[in-house]
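# here is the input, now give the coordinates:
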Amino acid sequence: MLGSILGDIAGSRFEFSRPTGFNWRTEPLFTTGCRYTDDSVMSIASKYAILTGRSFESAYRLFGRRYPHAGYGAMFQDWLATGSRPYRSCGNGSAMRAGVIGEYFDTLEAVEEKAAESAVCTHNHPQGILGAQAAAAGVFLARSGFDKKEIRKTVQKRYGYNLRLPLALRRPRSQISLTCQGTMPLAFTCFLESTDFESCIRNVFSCLCDTDTVGCIAGAIAEAYYHKTGFDNDQILRQYLIKPVAVGQTDTFLYDWATASADSIQPLKEELS
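The predicted structure is shown next:
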């Protein structure tokens, strides 16, 4: 979960442009120019749905309406505003919010079933569903002790993504893709060629891509695999998720649910009732 958020925040600065002299090997990951985006909001919403037993649809509407300026796509914004039906999207929005699902279920089949459930309320295109399943499965396989060779083989066989093309060949031809089929192979490759969480995010920086979303997906898998990020997670979450709303008042809602556990959610649920 935390890898999703940190990957999103780190990638948020480079979603649309890069500074002059950009060096992906040395560029700081977390600066004052970083922020959380819709990727973090919806990842936390997925966790909220799992912990509270509410539907993914209701969770996404709750969090999306509470944080309406996080950077949602036009179709998702319309879905939030109108209460409309699923819009058959294959966009990577279904995948970026699904990584956390891989942390909470005990079999790959259960993870895939829940990930599909999370996707179909909006992204009910077959590729949108597949992307969500792959993102959740990546986290599940990583936390379950599968090595990278096994993860690569399983993902290629189960979801049909080509993970044989190395980053060295992807970088010169990389381009921004907002689809699951364009995003997922890159996200997995950034993880597979990493040595720790930070190098995974730097791999994301090395390619022209939807950096916050690729960082969110790849970061979730990397954290699950390496069991740490190498950063002060709580300090980063506090810095970016807790926002002032009035003099002497802050909004801790995102932070509270990002760090919540099954044993600690009752007071949070009572606040919403």
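# where does the stretch 151-273 of the chain dip in pLDDT?
Residues of the stretch 151-273 of the chain that meet the criterion pLDDT under 70 lie in 270, 273.
# apply 50 and report the result again.
Low-confidence segments of the stretch 151-273 of the chain (pLDDT under 50): none present.
# since we're on residue 125, how many residues are nearby?
Using other Cβ atoms under 10 Å, the number of residues around residue 125 comes to 20. Heads up, the C-betas are built off the backbone N, CA and C, glycines and all.
# that should have said residue 72, apologies.
Residue 72: 20 surrounding residues under other Cβ under 10 Å.
# hang on, residue 99 packs against residue 223?
No. The criterion here is Cβ atoms under 8 Å, and residue 99 misses it with residue 223 at 9.0 Å.
# overlap of the contact sets of these two?
Counting by Cβ atoms under 8 Å, 6 or more residues apart in numbering, the common neighbours of residue 99 and residue 223 are 1, 3-4.
# residue 29: what secondary structure?
Assigned with DSSP: H, G, I helix; E, B strand; the rest coil, residue 29 falls in the coil class.
# cool, residue 62 as well?
Put simply, residue 62 is helix when judged by three-state DSSP.
# ok, now which ones touch it?
Residue 62 makes contact with 45, 48, according to Cβ under 8 Å, 6+ apart.
# tell me the confidence at it?
pLDDT, residue 62: 96.
# phi first, then psi, for residue 193.
phi -100, psi 10 (degrees, to the nearest 10).
# ok, the residue nearest to it when sequence neighbours are not counted - how many residues close by?
Excluding its sequence neighbours, the residue lying closest to residue 193 (Cβ to Cβ, 6 or more residues apart in numbering) is residue 167, at 5.4 Å. By other Cβ under 10 Å, 17 other residues sit near residue 167.
# what's around residue 246, how many residues?
Per other Cβ under 10 Å, the neighbour tally for residue 246 reads 7.
# how about the helices in the stretch 151-273 of the chain?
167-173, 180-192, 197-205, 211-226, 233-241, 253-258, 266-272 (DSSP state H, counting those that start in this stretch).
# quick one, which of those is nearest to residue 44?
helix 253-258 (5.0 Å; Cβ to Cβ).
# tell me the helices and strands packed up against the closest one.
On a contact count with 3 or more Cβ pairs under 8 Å, 6 or more residues apart in numbering; DSSP states H and E, helix 253-258 meets helix 38-52, helix 233-241.
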